[in-house]
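Colleague: Next comes the sequence, and after it the predicted model I'd like to discuss.
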Amino acid sequence: MKRITTLIALSIVAALALGACGGTTKTKTVTVPAVTTTAPVAPKPTPKPKPTGPATTFAGTGTSLVGQDIRPGTYRAAASSGCYWEREKNPVGSTDSILANDNADGPVVVEILPSDAAFMARDCGDFHRIGSAATASAQPASAPATVEPQPVAPSSQGCGAGLQVNGNTSCPFAQNVQQAYSSQVGQGDGVVTAYSPVTGQAYAMNCTQGDSHVCTGGNDAYVAW
């Protein structure tokens, strides 16, 4: 009997020991939030400003509207053989539209006036503006009547559209004399003031009308059409 009691006691102690050790293990689940990574956004490129207004450089082949496509002013082109240009009172392109024109086999300097409607060129290379436009009315009437000192070669007396000069007169100046006569005198005899894009000065020219128009001034400057 004593042995049975002892076995029962040992069984109870073992059961209690097992309970104290946590015979059953409980598991707790922990949810970890996902980490979101945002890729950096590349900055947008700054757009280049668009050019505004008429250009001061244009191609040497084609027709450009003055005041819309190109600015008035004095332009130069490094032309080679076969260059042709004309200033036009309208962009129709007929012979009657021509205010002044010329053929060139070398560098060209031409003044495009604010009153011109269009400018046409062919095979002249790019034109670049080298000075602003100036009209005869913007020059003082008392401008000195000196010789226009940029002569053309004696063999190049024609400036196109029936315009003739002597060896002491350049074609750009002659074209402005013709334009000045049209706006300042119109018909008959009179004195005009014309601007030279070559020298940047104005010159007084005495003009007469007979079978043709003839303007002289300074020391043998001569323009006829």
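Modeller: That came through, no problem. Residues are numbered from 1 along each chain as shown.
Colleague: got any ranges where the protein has weak pLDDT?
Modeller: Flagging of the chain using pLDDT under 70 yields the residue ranges 1-42, 47-51, 133-157, 218-219.
Colleague: Mind listing what's buried along the longest strand belonging to it?
Modeller: Using DSSP state E to define each element, the chain has its longest strand at strand 201-209. By neighbour count with 16 or more other C-beta atoms under 10 Å, strand 201-209 contains the buried residues A202, Y203, A204, M205, C207. C-beta: built from backbone N, CA, C; applies to glycine.
Colleague: What angle do strand 201-209 and the helix or strand following it make with each other?
Modeller: For strand 201-209, the succeeding helix or strand toward the C-terminus, using DSSP states H and E, is strand 213-217. Strand 213-217 runs at 140 degrees relative to strand 201-209, counting by axes from the mean of the first three to the mean of the last three C-alpha atoms, to 10 degrees.
Colleague: Strand 213-217 pairs with which strands, parallel or anti?
Modeller: Strand pairing for strand 213-217, using DSSP bridges, gives strand 201-209 (antiparallel), strand 221-224 (antiparallel).
Colleague: Same list, these, but as TSV with distance to Q178 please.
Modeller: As requested, the strands paired with strand 213-217 are exported to TSV (distance: least, C-beta to C-beta, whole Å):
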stretch	distance to Q178
strand 201-209	9
strand 221-224	7
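Colleague: Out of the ones you listed, which is closest to M120?
Modeller: Nearest to M120 among the strands paired with strand 213-217 is strand 221-224 (22.7 Å), distances taken as C-beta to C-beta.
Colleague: Now do the closest one: everything it contacts.
Modeller: 147-148, 163-166, 168-169, 173-174, 177-178, 203, 205, 212-216 (C-beta atoms under 8 Å, 6 or more residues apart in numbering).
Colleague: Would you report the backbone torsion angles of S97?
Modeller: phi -80, psi -20 (degrees, to the nearest 10).
Colleague: Check the spacing between it and V109 real quick.
Modeller: Distance of S97 to V109, given as C-beta to C-beta, to the nearest Å: 22 Å.
Colleague: Bridging across strands, which residues link to the residue nearest to L99 when sequence neighbours are not counted?
Modeller: Excluding the flanking residues, the one nearest L99 by C-beta to C-beta, 6 or more residues apart in numbering is R87, at 4.4 Å. The partner list for R87 in beta bridges (DSSP bridges) reads A100, F119.
Colleague: Run a quick neighbour tally on R87.
Modeller: When neighbours are defined as other C-beta atoms under 10 Å, R87 has 25 of them.
Colleague: so it makes contact with D102?
Modeller: No - with contact defined as C-beta atoms under 8 Å, R87 does not count as touching D102 (9.7 Å).
Colleague: what about stretch 161-169, start to end distance?
Modeller: By C-alpha to C-alpha, to the nearest Å, the extent of stretch 161-169 from end to end equals 16 Å.
Colleague: Enumerate the positions of that stretch that are buried.
Modeller: For stretch 161-169, by 16+ other C-beta under 10 Å, it's A161, L163, Q164, V165, N166, N168, T169.
Colleague: Repeat that for stretch 58-77.
Modeller: Result for stretch 58-77 [16+ other C-beta under 10 Å]: buried residues 58, 60, 64, 66-67, 70-77.
Colleague: of those, closest to G93?
Modeller: S64 (12.7 Å).
Colleague: Please report the separation between the first and final residues of stretch 56-73.
Modeller: Start-to-end, stretch 56-73 (C-alpha to C-alpha) is 8 Å.
Colleague: I appreciate the help and will end here.
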